[in-house]
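# What would the 3D arrangement of this be:
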Amino acid sequence: MSLSNLSSSIFKTELEATISACRGTRLLVDKFCNLLLKQAVTIMPHGYAVIDLETLRAMEVKDIYLAKFVTSVVQFISQKHRPVRGKAVKLLQSYIRTLPSKTSLTVGGCYLCPAPGSKGTKVLVCCSVNLSFPVTMKLFHPFSYGGHNCFPTSDLEQIVKESEAYLDRFTSDAPFSDIATESVLIEAKKLGILSHSTYESIVTLQQEESDDFKSKAVSKFASKDGIPSSNDAAAAALNNFVIMPGQVGYFMDRFVVDWKTRCDGEGDCFFSSSCDERGAEVRHMVDADWLYLSDLSKKNKANVGPPEENNHQDDDKCSSSSNYYGILSASRAIECLKCIPVAARRSMPVLVNAQGLVLSIPSIGFAQCPHLMKVSVVFSPRIPLGGGHTSFL
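Now for the predicted structure:
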């Protein structure tokens, strides 16, 4: 059986009516999801989200709206190509409905946990970096993408605004807003949208397609048995990425890393000379990084002194100046780091040299020397909040 064989006018009319009802339900879900995103979510510039559970409870959100809401937030933070589905959505819904929140959850590429100091009334949604999918970074020409913005956003922003404006005016009925997805056909039959014969034809066709899909999936899996996954190989190969001065990188489809070149006459130092020649590797932050900053900030600046006051030989002045600057920068960065939850820190980009020494953590303003302050980071996810306006492009 195929759709081409089901050519009666009655079947086509009823099928179009069902599709129209589904479309109306989806638009209503999108409308309420946008409302929830505006009122219950705060996106932080360091790449994580904060969900207000008390606001959600006060709004008495239906399951169908909550499912769209939580999948949108998780996909936005993780930037995975596909949103979470099935049992993962059920887990998210159950977790978000628990107030106060007392546990953590890892799902869909994100780590969810109670926000510090909120007494369980707010939840953090952070990108989980302890997963198998590979670290990625794409390099772009800075003049092609206007510095911080890797993608021209005007067209995309216009599409989002027009979509939101349409949803604000949308008032159509949504007959399937109170039922599960798998019950749509049954509900359409109850409401008289589908006749019994049309319902049976669609169910039969659905079962045939499901059986065909399962048989192809089993065959495909069997043919790959014993062959290493290409994704596993990519994950092993792509651990760190090198960026050079003058380049713009897109780290994990989440952060734009912009390294501007030095101007003539700005002087030189050990770190800047090394970076000009070899660049720097970019990776996620690890626990050892903030321990390093803490130790560096506690060093006695009196032993180094400002560069203009020290008694070092000329050959050592540059190194002394960098050391003094690094200590001051670490002190400021530690104060900034205290405001960022531990779970959120682990997804921030860090620049290191070939020996693993931390050169720059732009998100918190740390740099070993003034020249490395020319590295900036902006949280600018590829998939916008609200779910996948770019997924279909």
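
# Count the neighbours of residue 101 for me.
Neighbourhood size, residue 101 [other CB atoms under 10 Å]: 23. Quick note: C-beta positions are derived from backbone N, CA and C, even for glycine.

# now swap in residue 138 and tell me
Residue 138: 13 surrounding residues under other CB under 10 Å.

# Just to be sure, it is in a strand?
Yes - the assignment for residue 138 by DSSP: H, G, I helix; E, B strand; the rest coil puts it in a strand.

# Identify the bridge partners of residue 125.
Counting by DSSP bridges, residue 125 is bridged to residue 49, residue 112.

# quick one: contacts for it?
Counting by CB atoms under 8 Å, 6 or more residues apart in numbering, residue 125 makes contact with 48, 49, 50, 51, 73, 74, 77, 110, 111, 112.

# Need the pLDDT of it.
Per-residue confidence (pLDDT) for residue 125: 96.

# got it, and residue 321?
The per-residue pLDDT reported for residue 321 equals 53.

# now the residue nearest to residue 178 when sequence neighbours are not counted: how far from residue 176?
Closest residue in space to residue 178, ignoring its immediate chain neighbours: residue 62 at 6.9 Å, by CB to CB, 6 or more residues apart in numbering. If you measure residue 62 against residue 176 using CB to CB, to the nearest Å, the figure is 12 Å.

# following the helix or strand hosting residue 331, which helix or strand comes up?
Secondary structure assigned from DSSP states H and E places residue 331 in helix 314-337. Beyond helix 314-337 on the C-terminal side, the first helix or strand identified by DSSP H and E is helix 342-345.

# Just the residues contacting that next one, thanks.
For helix 342-345, using CB under 8 Å, 6+ apart, the contacting residues are 44, 46, 47, 48, 111, 113, 124, 126, 285, 290, 337.

# Just list what the helix or strand where residue 65 lies packs against, helices and strands only.
In this assignment (DSSP H and E), residue 65 forms part of helix 63-78. If you count contacts as 3 or more CB pairs under 8 Å, 6 or more residues apart in numbering; DSSP states H and E, helix 63-78 packs onto helix 9-40, strand 48-52, helix 87-97, strand 110-114, strand 122-127.

# among the ones you listed, which is nearest residue 205?
helix 9-40 (10.6 Å; CB to CB).

# For residue 372, give its distance to residue 360.
4 Å.

# Which neighbours do those two have in common?
Shared contacts of residue 372 and residue 360, counting by CB under 8 Å, 6+ apart, come down to residue 351.

# wait, residue 254 sits on residue 381?
Yes - contact criterion CB atoms under 8 Å: residue 254 and residue 381 qualify, at 5.3 Å.

# wait, which of the contacts of helix 342-345 is closest to residue 184?
residue 111 (33.0 Å).

# Need the pLDDT of the closest one.
In this prediction, residue 111 has a pLDDT value of 94.

# Leaving out chain neighbours, which residue sits closest to it?
Distances taken as CB to CB, 6+ apart place residue 128 nearest to residue 111, at 4.3 Å, with adjacent residues excluded.

# Number of residues surrounding the one you found?
Close neighbours of residue 128, defined as other CB under 10 Å, add up to 19.

# Over to residue 17?
Per other CB under 10 Å, the neighbour tally for residue 17 reads 16.

# contacting residues for it?
Per CB under 8 Å, 6+ apart, neighbours of residue 17: residue 193.

# give the contact list for residue 68.
Residue 68 is in contact with 29, 30, 32, 33, 387, counting by CB under 8 Å, 6+ apart.

# give me that answer again for 7 Å
Residues counted as contacts of residue 68 (CB atoms under 7 Å, 6 or more residues apart in numbering) are 29, 33.

# ok, it to residue 100 distance?
Distance from residue 68 to residue 100, by CB to CB: 24 Å.

# that older thread, which one's more surrounded, residue 372 and residue 360?
The neighbour comparison of residue 372 against residue 360 (other CB under 10 Å) goes to residue 360, with 30 against 25.

# and that one, backbone torsions?
Note on residue 360: its backbone torsions stand at phi -160, psi 140 [degrees, to the nearest 10].

# can you pull up the bridge partners for it?
Here residue 360, judged by DSSP bridges, has bridge partners residue 351, residue 367.

# list the contacts for it?
Going by CB under 7 Å, 6+ apart, residue 360 touches 351, 366, 367, 368, 372, 375.

# still on that earlier bit, in this structure the residue nearest to residue 111 contacts residue 106, no?
Yes - between residue 128 and residue 106 there is a contact under CB atoms under 7 Å: 5.5 Å.

# Next, the nearest residue to residue 362 once chain neighbours are set aside: secondary structure please.
In space, and not counting its chain neighbours, residue 362 is closest to residue 377: 4.0 Å by CB to CB, 6+ apart. With three-state DSSP as the basis, residue 377 sits in strand.

# how near is residue 377 to residue 256?
Remark: distance between residue 377 and residue 256 (CB to CB) = 7 Å.

# Same check on residue 185?
45 Å.

# Next: residue 363.
12 Å.

# before we move on, what about residue 26?
In terms of CB to CB, residue 26 sits 32 Å off from residue 256.

# The two: which is more packed in?
Taking other CB under 10 Å, residue 26 and residue 256 do not tie; residue 256 has more neighbours (22 against 15).

# which element follows the helix-or-strand element of the chain with minimal mean pLDDT toward the C-terminus?
Here the helix or strand of the chain ranked lowest by mean pLDDT, DSSP states H and E is helix 230-237, holding a mean of 38. Using DSSP H and E, the helix or strand that follows helix 230-237 in sequence is strand 241-243.

# partners of the helix or strand following that next one, with directions?
Using DSSP H and E, the helix or strand that follows strand 241-243 in sequence is strand 248-251. The strands beside strand 248-251 in its sheet (DSSP bridges) come out as strand 137-140 (antiparallel), strand 255-259 (antiparallel).
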